[in-house]
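# Below: sequence and its predicted model.
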2 protein chains.
Amino acid sequence: MDPILSISRRTRRTPWTRRNAEHGVKAYTVYNRMLLPTVFESVEADYHHLKKHVQVWDVAVERQVEVKGPDAAKLVQMLTPRNLSKMKDDQCYYIPVVDENGGMLNDPVAVKHNNDRWWISIADSDLLYWVKGLANGRSLNADIFEPDVSPLAIQGPQSDELMARVFGDSIRNLKFFRHMKINFNGKPFTVARSGYSVQGGFEIYVDGTENGEPIWDALFEAGKDLNVRAGCPNLIERIEGGLLSYGNDMTIKNTPYEAGLGKFCKGPAATSCIGGDVLRKEQENGPKQQIRGLTISGIAVSPCRNPWPVMAKGAQVGEVTSAAWSPDLNTNVSIGMIAKDHWDIGTKLTIQTPDGNRDAEIKKMPFI
Amino acid sequence: MDPILSISRRTRRTPWTRRNAEHGVKAYTVYNRMLLPTVFESVEADYHHLKKHVQVWDVAVERQVEVKGPDAAKLVQMLTPRNLSKMKDDQCYYIPVVDENGGMLNDPVAVKHNNDRWWISIADSDLLYWVKGLANGRSLNADIFEPDVSPLAIQGPQSDELMARVFGDSIRNLKFFRHMKINFNGKPFTVARSGYSVQGGFEIYVDGTENGEPIWDALFEAGKDLNVRAGCPNLIERIEGGLLSYGNDMTIKNTPYEAGLGKFCKGPAATSCIGGDVLRKEQENGPKQQIRGLTISGIAVSPCRNPWPVMAKGAQVGEVTSAAWSPDLNTNVSIGMIAKDHWDIGTKLTIQTPDGNRDAEIKKMPFI
């Protein structure tokens, strides 16, 4: 059974913790030492609603690492094998961040304001400490801090309609992973077409906790006839969509190549960034294991709370790290790290789940 | 009401997560992205038992940052204003760790094995990233990683008796914040006289997840007639004892002086460490606010989930960050950050709690 979560100041509230409660949040996780809703009605009901309507998500846990100063661009490029040299001032880039061993420290989205000012919108690890440590160690001229900026995601097929009603029609023209300014109550806010679902949508970077509830309330007021609801990243939908979760599907022990992010490791940055020497070798030799999608036979599996061994002829050849029953695909979908000789699509494997051994098959990911 | 905690691989299990469940854990928090029990019977019942008997605590969340190599001692000294030059190879030191602004990044315990090998036993933040970033930035010769080492605490007045039964009588002679080796099943483990209570006790640094359950089981087998129970850091007892909680009572926005840790900032290290320039100024001028203990009048307060404003004549002069009803003192005890003009013992203040305004008074801390 799921235990109770003890909340203290250390497990930080967000600008919308009160609103989540009013909208009936049933469960939380802790992400970046902050509260992240995981369930409103039920994971399945939330999933069906997300695919059909529009949801507002408190994703304040995507904390920002602001990097500001003359060395900001240089510093951000040191962090990642992804080439940032052609990045425009209104772009967002998904950037693997690696350590000196090529191990992944985070998989954030970099939001470029200009060469001297960036937000790094982080997954679940204190990337702030790595960036500050590097800047201090190399005497770089940049301020690095966590601003009072909290993303609010609007996700689902009716996202454009809802956003246009509140912030005007120009939002409809915003391209994927680009950002622009919107005005609300006379204040400008950065908004990007992005989000942790494949249903389309936006993330508003709400600058200033005091602006959180007014923006939330305006969205709910405008979206009544769109059946807008409070939601959250949905386990089923994100696995179907092949969206990785740092800490679940890859950790500091994995390289970007193992995480299937080799496409973001091209050009000179891929070998000149921190860890570049290690990445060069992996680029040449190829990874020994890599993330794959797998379907799992039988009825709905239990939640995956620690890696499940993946077996072939009695030997372990990998592990499954995320799994859920997909109502739309009528099977269990999962994400795992699989050894090279067993990762081809169509390969049949066995997974040791808490419910016993299950047949599994490597599939193309995203599943949908 | 307390919500449900959703558990995934990202909220890591410990070597004793299964044992905690068998012993009836009722609630968890997430600490260093890992499960930390908070309640077994009830916070009050756990408190009374801890003060009378002996408990075994899964504190695997106190992750170790291992620093190993020729530059290890130099690197650890860079991290903290505390002078480490006289530290022996069997000592543990409580060390504030500060950033370039003098802000606290963590308040870990450094465990020195020798000049070239240290464990930093951390509070709730990814200190690993700061240490790795610094070492990389300054090209220091040290490996920095999280080993598979999980502390298991034995706390309470019967700790010596229980430990002696399992590991031999020599453990009784171990001094406070010193460590030694014990043998279990033919393997050596580091044990220190330390722990996050003021009831006395030990922390065994269990090296190797596979050794976790056997050690736990041996302690419970040997302690039956001592009424040994599974426990966890206890909110009431740690406030009574004046033990601070990083993330609750102080954050990156506070200096060690504000956290009342000025006694650990003496000698040349206090101004030559990272952030030393800022610390020197604070040493000269004194902090503008500092941690204090406060009693709060009336019946038991609700849990403190976000800072409560502390008021004097209608103006805010601080905030309370941890609070609990103390059965033994028959009053609410709390910890807060209080402005200089209002921090003297005996000062009467008003606290805005979720249950309404309450009278409060600055007290000597620890309370007991």
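Yep, that arrived.
# what's stretch A:357-368 in contact with?
With contact meaning Cβ atoms under 8 Å, 6 or more residues apart in numbering or on different chains, stretch A:357-368 is reached by A:198, A:239-242, A:291-298, A:301, A:310-311, A:320, A:326, A:328-329, A:332-335, A:338, A:342-351. Quick note: C-beta positions are derived from backbone N, CA and C, even for glycine.
# For the buried ones among those residues, write the corresponding ChimeraX selection.
Selection of buried members from the contacts of stretch A:357-368 for ChimeraX, criterion 16 or more other Cβ atoms under 10 Å in any protein chain shown:
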select /A:198,239,240,241,242,291,292,293,294,295,296,301,310,311,320,326,332,333,334,335,338,342,343,347,349,350,351
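# Restricted to helices, list the contacts of stretch A:357-368.
Among these, the residues falling in helices (DSSP state H) are A:Ile239, A:Glu240.
# Point out the ones among the contacts of stretch A:357-368 that are inside strands.
In this view, these that belong to strands under DSSP state E are A:291-296, A:310-311, A:320, A:326, A:332-335, A:338, A:348-351.
# list the contacts for A:Gly346?
Contacts here follow Cβ under 8 Å, 6+ apart; on that basis A:Gly346 touches A:Glu361, A:Ile362.
# Dig out what the nearest residue to A:Ile4 once chain neighbours are set aside forms beta bridges with.
Closest residue to A:Ile4 apart from its sequence neighbours, by Cβ to Cβ, 6 or more residues apart in numbering or on different chains: B:Ala27 at 4.0 Å. Following DSSP bridges, B:Ala27 is listed with bridge partners A:Ile4, B:Val39.
# what's the burial count for B:Ala27?
Neighbourhood size, B:Ala27 [other Cβ atoms under 10 Å in any protein chain shown]: 19.
# Can you name the residue of the stretch 151-300 of chain A nearest chain B?
Going by Cβ to the nearest Cβ, chain B is nearest to A:Gly247 of the stretch 151-300 of chain A, at 3.4 Å.
# give me phi/psi at that residue?
Backbone torsions of A:Gly247, given as degrees, to the nearest 10, read phi 100, psi -30.
# For it, give me its contacts.
By Cβ under 8 Å, 6+ apart, A:Gly247 lies in contact with A:Ala123, A:Asp124, A:Ser125, B:Arg9, B:Arg10, B:Arg33.
# And the residues you listed, which is closest to B:Val97?
Nearest to B:Val97 among the contacts of A:Gly247, counting by Cβ to Cβ, is A:Ser125 at 17.3 Å.
# per-residue confidence for the spatially closest residue to the closest one that is not a sequence neighbour?
Counting by Cβ to Cβ, 6+ apart, A:Ser125 lies nearest to A:Asn106, which is 5.0 Å off, once chain neighbours are set aside. Looking at A:Asn106, its pLDDT reads 98.
# same thing with A:Asp2?
79.
# what helix or strand does it sit in?
Following DSSP states H and E, there is no helix or strand that holds A:Asp2.
# That one contacts B:Ser8, doesn't it?
No: between A:Asp2 and B:Ser8 there is no contact under Cβ atoms under 8 Å: 11.3 Å.
# who's in contact with stretch A:87-97?
The contact list for stretch A:87-97 (Cβ under 8 Å, 6+ apart) reads A:76, A:79-82, A:84, A:104-114, A:120-121, A:127, A:130, A:177-180, A:192, A:194, A:256, A:259, A:261, A:264-265.
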